[in-house]
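> What follows is a predicted structure for the sequence shown.
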Amino acid sequence: MREKNRATACVWAACLLAVIAVFATGVLNRGKIWPDVPLDFADARSERRIGDGDAYGVMSGGPYYDLMPGVYRIKWQIDGDGDNRIHLQCSNDAQIVPAVIDTQAGVFEDEAVFEVKEPAHSFSIAVEFASGTQMQVYNIRLYTPEYTDHAFSFAALAILLALCMTAQLRGWWTPRRVQTAIVLALCALLVSAAYLQEDHVSGIDTQFHAARLCNLADGLQSGQFPVRAGGFSYNGYGALTSVFYPDALLYPFALMLLGGASVAYALNAAAIAIHAATAALSYASFKRLLGDRQQALCAAVVYVLSMHRMTGMYWRYAQGEMLAMAFLPLFVLALYELLWRDSARWPLLAVSATLIFNSHVVTTVLCALLAAGCCALRLPALVRQRRFVPLFKACALTLLLGAHRLVPMLTSYLTGVTTSVNQLDFGYTALSVSELLGSIDGMGASLIFGAAAFAFTAAETRREEDGAGWLCLFGGAACMVLSTELIPWDHVVKVMPVLASALQFPWRFQVLGTVLLAACAGAGFARLFGGSRAGLMTLILAALCVLPFEQAMHPDQTPLAFGQGANAYMAYPEYQLADTDIHQTRSREVVLDGDVRLTQYVKDGTRVTAQVEAEGGGTVSLPLFGFDGYAATLDGAPIAWMRGENNRLTVSLPAGASGTLRVWFAGKGVWRAADTVSLIAAAGMVICRMHNTRMRKKREQA
């Protein structure tokens, strides 16, 4: 055993040293080179001559990229007999230094370095014909900063290799485990194939989630932990995205951005991690739920390769929903354990519910509906077997673990922060029966065939252990029906408008239907194929059912290219104060009113530092939205602020005020108290778990 421990330590030490060396030397870092920047010539001509009637002026523009802060290089080939200029511009008033680059007469090829200090939206290069008799633009190249994408990939592969070697040294690999690992790895690899490239395949919500990730990284860089408000969205004015849209599980990918990774890489890494986690967690959960390794493997394959997950990742890029679906099998298992099996496992229900709550709010609502339906179904047993006691404990622990999210969300909502203005007619988005059974928005063939196989084989054998499978079959079918227009949703909305608003679309019920039907479908395929090859055969069948439709799942959108940044302008004023006009955020200008002078102004995300003098008093209106939670000091002493025009954070300076003005997002005391409650609850749960494990081992030894 000592030799195994020593060998394991050596493996991990070598892994750590290799990763440190790669990041420290930057040997794998690389940047993006746009070899021929597409410029938008107004009259399709790249040449100007005074003798031909052409006039001086700006002659071109483009390429209209979104760029993240960093040092860039531009290289050009311009032929001219006069000194001309290259203008570096953007549409959102971001600071670019230098903004104008001079070109010298007779110098055909040259280059320069410039710095983008703030996220630049729609960056463009404009060439100005300023002097001489002629000028022609041949080529312009743009070089981005060097990104650490390959270094992070190396780190991931090194850790994976170290894990495999550790398993080998410890003797954890058995033939069955190897077969299971191969099938799950292939399954995750197939659904991740589109993300194994330098560009990111854009879905409908890609830019929203890209901005969300950048907003989270900005909050971390601004010194917040946990992050509540980021200063990336809406051109640096900020949004409370992290309060309303759970992102605690996305911190590793936000840290990737801070560690020099590109936005496209961070999104690809998040998608691959979600697929891998879904494969692993669904297998572990279904194994306990169904009580059979092969059935669990088949169920995990069907779940990972389900049509709803594929369209969610590719068509919509519903990052939050797909992340929540990774933990959904664990929630189903925990709910079944508490209500039908061992109610002593109630902490698992609290943990799984908390993980989903930290992933996606709508899926949390769906889980609450599922739990309520199951409790109603088991109401007599709940009372007779006193299972309502552990159920109450699970609910209480969930509230304690989720207090760090629930309290900020509720308090911010009560202060007037809106969550969305885009709400379509609920019933209008219900699926037809034909769409449910035969389109990329529907169930998918693998779920239908697998559920039919389970019903056919289970009806023949009539085994008692099929109870979980039958429950999942009927529950999944009911959820699928709820997603269709067979339900009179117009009448339901009138009775329960709040529920309709929370769910947004009836097809959300497919989230529950998919996980429930995947469980019984896995059992059906395992019995249909039989033997140790059932998992591999199910993988082949599921892939054949869904992969031919992969191209149809890609919306007609331009991919988020490697080297480009996120667009800070979301389509709707989400997570904003009421009556905020998001279209008035193009300017980053500080507005001074009264007898006020401002110097040494620096804005870093949600932090502002400046020197101010106000002999006669006045106000300083900053390019930040005035959310509750901001704090302001003048030479260390607290100073009042208010919401000015368009809800901008405005600091009032009394006559004679002078010194260093600091503004930052500090949060609220009640939020920090909620964070403490959740931390104590999590620590207490871990301590109790360790104590119970220790006591169980002592009893086994005795």
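Done, it's in.
> Remind me what the longest helix along the chain packs against, helices and strands.
The longest helix of the chain (DSSP state H) is helix 669-701. Packing partners of helix 669-701 (3 or more CB pairs under 8 Å, 6 or more residues apart in numbering; DSSP states H and E): helix 346-357, helix 388-401, helix 403-414. In short, each C-beta sits where N, CA and C put it, glycine included.
> So which residues of the stretch 1-150 of the chain form helices?
Here the stretch 1-150 of the chain has its helices, by DSSP state H, counting those that start in this stretch, at 2-25, 149-170.
> and the shortest one, average pLDDT?
Going back to what we said before, that points to helix 149-170. Helix 149-170 carries an average pLDDT of 93.
> For stretch 552-560, buried residues please.
For stretch 552-560, a neighbour-count test (16 or more other CB atoms under 10 Å) marks 553, 559-560 as buried.
> pretty sure M256 is in a strand, no?
No: read with DSSP: H, G, I helix; E, B strand; the rest coil, M256 is helix and lies in no strand.
> Give the ranges of residues in the stretch 351-500 of the chain that sit below the confidence cut-off.
Applying pLDDT under 70 to the stretch 351-500 of the chain flags residues 420-424.
> Residue for residue, what is the longest strand the chain has?
strand 607-625 (DSSP state E).
> which helices and strands does that one pack with?
strand 591-604, strand 648-653, strand 657-665.
> thinking again about what came up before, any idea which of the helices and strands packed on helix 669-701 gets closest to I680?
helix 388-401 (8.0 Å; CB to CB).
> angle of that closest one against helix 669-701?
Using axes from the mean of the first three to the mean of the last three CA atoms, to 10 degrees, the inter-axis angle of helix 388-401 relative to helix 669-701 is 130 degrees.
> and helix 388-401, which residues are buried?
390-391, 393-395, 397-401.
> Just send those residues back as TSV, with distance to V546 too.
Listed next are those as TSV, based on distance: CB to CB, whole Å:
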residue	distance to V546
P390	38
L391	37
K393	40
A394	35
C395	37
L397	37
T398	34
L399	38
L400	40
L401	35
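> give the contact list for the nearest residue in space to V227 that is not next to it in sequence.
Counting by CB to CB, 6 or more residues apart in numbering, G219 is the residue found nearest to V227 once chain neighbours are left out, at 3.2 Å. For G219, the contacting residues are 227-231, 242, 605-606, 665, by CB atoms under 8 Å, 6 or more residues apart in numbering.
> now do L517
443, 447, 450-451, 472-473, 476-477, 480.
> May I ask which helix or strand encompasses it?
helix 510-529 (DSSP states H and E).
> which is the next helix or strand following that helix?
With elements assigned by DSSP H and E, the helix or strand that comes after helix 510-529 is helix 534-546.
> for the helix holding L517, the distance to its chain's centre please.
Relative to the centre of its chain, helix 510-529 is centred 27 Å away, using CA atoms, centre = their mean, to the nearest Å.
> Dump that helix to PDB, restricted to CA.
Included here for helix 510-529 are C-alpha records, laid out as PDB according to Å, rounded to 0.1, in the frame of the first residue of the first chain:
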ATOM      1  CA  GLN A 510     -39.900  17.700 -21.900                       C
ATOM      2  CA  VAL A 511     -37.000  18.200 -19.400                       C
ATOM      3  CA  LEU A 512     -38.800  16.000 -16.900                       C
ATOM      4  CA  GLY A 513     -40.200  13.700 -19.600                       C
ATOM      5  CA  THR A 514     -36.700  13.100 -21.100                       C
ATOM      6  CA  VAL A 515     -35.000  11.900 -17.800                       C
ATOM      7  CA  LEU A 516     -38.000   9.700 -16.800                       C
ATOM      8  CA  LEU A 517     -38.400   8.000 -20.100                       C
ATOM      9  CA  ALA A 518     -34.600   7.600 -20.500                       C
ATOM     10  CA  ALA A 519     -34.600   5.500 -17.300                       C
ATOM     11  CA  CYS A 520     -37.200   3.100 -18.500                       C
ATOM     12  CA  ALA A 521     -35.800   3.100 -22.100                       C
ATOM     13  CA  GLY A 522     -32.400   2.100 -20.700                       C
ATOM     14  CA  ALA A 523     -34.100  -0.900 -18.900                       C
ATOM     15  CA  GLY A 524     -35.900  -1.800 -22.200                       C
ATOM     16  CA  PHE A 525     -32.800  -1.700 -24.400                       C
ATOM     17  CA  ALA A 526     -30.700  -3.600 -21.800                       C
ATOM     18  CA  ARG A 527     -33.300  -6.500 -21.900                       C
ATOM     19  CA  LEU A 528     -33.700  -6.300 -25.600                       C
ATOM     20  CA  PHE A 529     -30.000  -6.500 -26.500                       C
END
